[in-house]
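**Q** Turn this into a model:
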Amino acid sequence: MHPTLLIIDDSATLRQQVIETLENAGLFKNFLEAVNGIDGFKILIDHQIDVVLCDLEMPGMDGLKFLDMRNGHGRVRDTPVILLTGREGQEQKIRGLERGASDYVTKPFDPGELIARVKVQLKIKQLQDHLREQNKNLKSFPTPTP
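**A** Numbering: from 1, shown residues only. Presented below is the predicted three-dimensional model:
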């Protein structure tokens, strides 16, 4: 199974840079794109996504509202979201982390930093999925009677 990345950003150039960087690193085979949070949320609901990179500031629905919607939907609530921001200020980053973002990357991004941060979130997601599967398997065993 190949991991899937969803990139939500209103800049086609940035989306392409992210895809090229992560494809060259061999982290993902499948890339899905959205230009705003509304379209991104629809894709998140309709597909099995492993990691989301989401711009903090977009027309329509911004990254914080995207996080709120993700948090309210059980099946995708635990999907890691890395916020992309062009702002250096800490306030927006903190608000994003408080609303459930897994991490953030400042634009323009350093390719090495982006790869490292995405690797961490992908590994955490894989471990959580494995743990869920193991728990499901344990529940299927009959309870021993004394």
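**Q** Only C-alpha atoms from now on, for both contacts and neighbour counts.
**A** Fine.
**Q** any idea how far residue 70 is from residue 21?
**A** Shown here: residue 70 relative to residue 21, a distance of 26 Å by C-alpha to C-alpha, to the nearest Å.
**Q** Please say which of these two ends up with more neighbours.
**A** Ranked by neighbour count (other C-alpha atoms under 10 Å), residue 70 and residue 21 place residue 70 first, with 20 against 17.
**Q** Looks like the more buried one contacts residue 77 (just checking).
**A** Yes. Assessed by C-alpha atoms under 8 Å, residue 70 is found in contact with residue 77 at 5.3 Å.
**Q** quick one, phi/psi of the residue nearest to residue 85 when sequence neighbours are not counted?
**A** Distances taken as C-alpha to C-alpha, 6 or more residues apart in numbering put residue 106 closest to residue 85, at 5.0 Å, once the chain neighbours are dropped. Dihedral angles of residue 106 (phi, psi; degrees, to the nearest 10) stand at phi -90, psi 130.
**Q** what's the answer for the one 3 residues further on, then?
**A** Here is the backbone geometry of residue 109 (degrees, to the nearest 10): phi -90, psi 150.
**Q** Is the residue sitting nearest the centre point of the chain within a helix or a strand, and which one?
**A** Centroid check for the chain by C-alpha atoms, centre = their mean gives residue 52 as the closest residue, at 2.3 Å. Following DSSP states H and E, one finds residue 52 within strand 51-55.
**Q** Strands along this structure, start to end?
**A** For the chain, applying DSSP state E gives strands covering 4-8, 30-34, 51-55, 81-85, 103-106.
**Q** Out of the ones you listed, which is closest to residue 96?
**A** strand 81-85 (7.4 Å; C-alpha to C-alpha).
**Q** ok, residues contacting that closest one?
**A** Taking contacts as C-alpha atoms under 8 Å, 6 or more residues apart in numbering, the residues outside strand 81-85 that touch it are 51-57, 63, 67, 96, 100-107, 118.
**Q** which of those residues count as buried?
**A** Buried by 16 or more other C-alpha atoms under 10 Å: 51-57, 63, 67, 96, 100-106, 118, out of these.
**Q** list the contacts for residue 122?
**A** 50, 51, 80 are the contacts of residue 122 under C-alpha under 8 Å, 6+ apart.
**Q** so the longest helix seen in the chain versus strand 51-55, what angle?
**A** The residue-count maximum for a helix in the chain (DSSP state H) belongs to helix 111-139. Computed by axes from the mean of the first three to the mean of the last three C-alpha atoms, to 10 degrees, the angle separating helix 111-139 from strand 51-55 equals 140 degrees.
**Q** Nice, that's everything, thank you.
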